[in-house]
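J.: no sequence on this one, just coordinates:
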């Protein structure tokens, strides 16, 4: 093969990388600087609403991994009492099908994302561990009412200057 | 005087950075020249086809995410198209357009990784890859906004898509579409005329047109060899027949042509997204489908032009809630069969470039 302008292509590429020196950095220094996740984020740990749940186990049936376990008993007014509601978050694939399937809006995806654990056993969450609390907030996935109240997602696109 | 040497067998992989995953090549070398290649597959086999037979049609959608994880949306789309064909479910028009927009964004994201990794293999270490990851990040942001996840989306549903897009999606997409062509020009400026890349990719690993058709290659590998074949034109699905775009084709079928075709396809995808956003109608995004779908006894094959080639799902139903047989026609597995013919006669250093130019995803090859 013949190279007629040897070096010009390389020089062009180098000019571009040189120009990059003067661009604003687009990276985030993570632990100090945090981005806001999407309103519909499917974060770690499901959030369970004890009052709304009727124990119908639709979520357990819709789970592709079978990681939700529900045991109910019959109450006085012929209703279900949820004796056991256990989710093995170690097997969960965060597909969100259980939240979409819930007919009573009693199950939510979590909004948090820093939920690493040291032991597998700590990932198995029972009734008390799944309740709503200060650090366990629900996300707006398949729940438009919650979605409207969450902050706007930070986008990398916002950092670009748009030439018109 | 020629020195007679014994052929030498060398294992590349499974833990090798340029094999894009856990792929193993047994190269037989004569000096530095490759005389035989034996690909060894199966290190990432998870038995997804078998797993799918034990789950309902809806529950299988998250599993299709895990096939080609760089193009999950395309996998979702191909699978739901197959199920809709099997059960005869109509799809609202708005959902069809959303699917096209999302699938084309996914094509750009997948090609960015494919091209970036190929350039990485050619010796442009990390710089182009990170430039391309910057734009991919923007696409992932958009996907996160729509479906809440950045890699395993689970967005398409049987009879539509899971959610309508949020209000801030279209302005953000518009900004992306305006800036993206500039960035593609930037990639061109960075490396398209680079003499080292030309020397390493031009004329290397030629796949002749006839052979490409005979091994039923598809996607940029086939189009790089000069065959004008694209499922979006040849057998239009969704609303592709209402959109205008060109099929870029290479001329020789070498590594550079495959790289060039991918870059041009990104430009075409931007063009398709622009048209689809203009034509996007209001309305419903999902047809009501029973929780447990019982498709009639029969079989269906749904195929799309995924970023890496023709992705097809073959489903057989026995009127139960789960597919009786679930087969994936993975484009990269079939494109990989050309590996031996492309590699023989080239040097070890070219092997990495040729392999990178096929752009495979091991999770899809092994399933």
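T.: On my side now, so go ahead. Everything numeric in this text was worked out from a predicted model, so none of it was measured. Residues are numbered from 1 along each chain as shown, chains lettered A, B, ... in the order given.
J.: From now on I want contacts and neighbour counts done on CA atoms only, so please keep to that.
T.: Fine.
J.: Pull the contacting residues for the closest residue in space to residue B:289 that isn't next to it in sequence.
T.: Nearest residue to residue B:289, sequence neighbours excluded (C-alpha to C-alpha, 6 or more residues apart in numbering or on different chains): residue B:159, at 6.9 Å. Contact analysis of residue B:159 by C-alpha atoms under 8 Å, 6 or more residues apart in numbering or on different chains lists B:80, B:84, B:89, B:90, B:91, B:92, B:286, B:287, B:288, B:289.
J.: what's the neighbour count on the third one?
T.: When counting by other C-alpha atoms under 10 Å in any protein chain shown, one arrives at 17 neighbours for residue B:89.
J.: Give me the distance between it and residue B:56.
T.: Note on residue B:89: its distance to residue B:56, by C-alpha to C-alpha, to the nearest Å, is 16 Å.
J.: mind listing what the closest residue to chain A within the stretch 1-150 of chain B touches?
T.: Using C-alpha to the nearest C-alpha, the closest approach of the stretch 1-150 of chain B to chain A is made by residue B:148 at 3.8 Å. Applying C-alpha under 8 Å, 6+ apart to residue B:148 gives the contacts A:38, A:39, A:40, A:41, A:42, A:141.
J.: Okay, and which of those residues map to helices?
T.: Judged by DSSP state H, helices contain none of the contacts of residue B:148.
J.: Tell me if residue A:35 really is in a strand.
T.: No - read with DSSP: H, G, I helix; E, B strand; the rest coil, residue A:35 is coil and lies in no strand.
J.: Now do the strands for chain B: every range, in order, please.
T.: With DSSP state E as the criterion, chain B has strands at B:8-12, B:24-30, B:33-40, B:156-157, B:160-161, B:298-306, B:309-317, B:325-329.
J.: same check, this time on chain A
T.: Going by DSSP E, chain A shows strands at A:43-48, A:68-74, A:80-88, A:107-110, A:124-125.
J.: Indicate which one of those is closest to chain B.
T.: strand A:43-48 (8.3 Å).
J.: List of residues touching the closest one?
T.: A:89, A:94, A:106-115, A:130-132, A:136-139.
J.: let's see it at 7 Å
T.: Contacts with strand A:43-48, where a contact means C-alpha atoms under 7 Å, 6 or more residues apart in numbering or on different chains, come from A:89, A:106-113, A:115, A:130-132, A:136, A:138.
J.: The helix ranked longest in chain B - contacts with which helices or strands?
T.: The longest helix of chain B (DSSP H) is helix B:93-121. The contact analysis (3 or more C-alpha pairs under 7 Å, 6 or more residues apart in numbering or on different chains; DSSP states H and E) places helix B:93-121 against helix B:72-87, helix B:127-147, helix B:255-279, helix B:348-358.
J.: got the angle for the second one vs helix B:93-121?
T.: In this case it means helix B:127-147. Helix B:127-147 runs at 160 degrees relative to helix B:93-121, counting by axes from the mean of the first three to the mean of the last three C-alpha atoms, to 10 degrees.
J.: from the middle of its chain, how far away would helix B:127-147 be?
T.: In terms of C-alpha atoms, centre = their mean, to the nearest Å, the centre of helix B:127-147 is set 16 Å apart from its chain centre.
J.: For chain B, give me the ranges with low pLDDT.
T.: B:1 (pLDDT under 70).
J.: Return the residues of it in contact with chain A.
T.: Counting by C-alpha under 7 Å from any C-alpha of the partner chain, chain B comes close to chain A at B:55, B:59, B:62, B:138, B:141, B:144-145, B:147-149, B:154, B:176, B:179, B:189-191, B:193-195.
J.: Show the end-to-end separation of stretch B:357-364, please.
T.: Per C-alpha to C-alpha, stretch B:357-364 runs 16 Å from first to last residue.
J.: If you count neighbours, what's buried in it?
T.: Residues of stretch B:357-364 classed as buried: B:357, B:358, B:359, B:360, B:361, B:362, B:363, B:364 (neighbour count, 16 or more other C-alpha atoms under 10 Å in any protein chain shown).
J.: ditto for stretch B:329-343
T.: Neighbour counts over stretch B:329-343 (16+ other C-alpha under 10 Å) mark B:329-336, B:338-340, B:342-343 as buried.
J.: Pull up the residues of chain A that are close to chain B.
T.: A:6-7, A:9-10, A:12-13, A:16, A:38, A:40-42, A:62, A:64, A:95, A:155-157, A:162.
J.: could you redo the last one with a cut-off of 6 Å?
T.: Residues of chain A lying close to chain B by C-alpha under 6 Å from any C-alpha of the partner chain are A:9, A:10, A:13, A:38, A:40, A:41, A:42, A:64, A:156, A:157.
J.: Next, count neighbours for the first one.
T.: By other C-alpha under 10 Å, 20 other residues sit near residue A:9.
J.: Check the last one too.
T.: The local packing count at residue A:157 equals 21, with neighbours defined by other C-alpha under 10 Å.
J.: Contacts only, for it.
T.: residue B:138 (C-alpha atoms under 6 Å, 6 or more residues apart in numbering or on different chains).
J.: can we see that at 7 Å?
T.: Here residue A:157 is in contact with B:138, B:176 (C-alpha under 7 Å, 6+ apart).
J.: And for residue A:123?
T.: Residue A:123 neighbours (C-alpha under 7 Å, 6+ apart): A:88, A:89, A:90, A:117.
J.: Leaving out sequence neighbours, find the closest residue to residue B:164.
T.: residue B:285 is the one closest to residue B:164 (C-alpha to C-alpha, 6+ apart), at 6.2 Å.
J.: Give the burial count for the spatially closest residue to residue A:127 that is not a sequence neighbour, as a bare number.
T.: Distance criterion C-alpha to C-alpha, 6+ apart; nearest residue to residue A:127, sequence neighbours excluded, is residue A:85 at 5.3 Å. Residues near residue A:85, counting by other C-alpha under 10 Å, number 21.
J.: Please report how far the closest residue to residue B:141 other than its chain neighbours lies from residue B:108.
T.: Excluding the flanking residues, the one nearest residue B:141 by C-alpha to C-alpha, 6+ apart is residue A:155, at 6.2 Å. For residue A:155, the distance to residue B:108 equals 18 Å [C-alpha to C-alpha].
J.: Quick check: which of the helices and strands packed on helix B:93-121 is buried the most?
T.: Highest mean neighbour count among the helices and strands packed on helix B:93-121 (mean count of other C-alpha atoms under 10 Å in any protein chain shown): helix B:72-87, with a mean of 26.
J.: could you say what helices and strands that one packs with?
T.: Secondary elements touching helix B:72-87 (3+ C-alpha pairs under 7 Å, 6+ apart): helix B:61-65, helix B:93-121, strand B:156-157, strand B:298-306, strand B:309-317.
J.: Provide a complete list of residue ranges assigned to helices in chain A.
T.: Using DSSP H, helices in chain A cover A:8-20, A:58-62, A:97-101, A:144-148.
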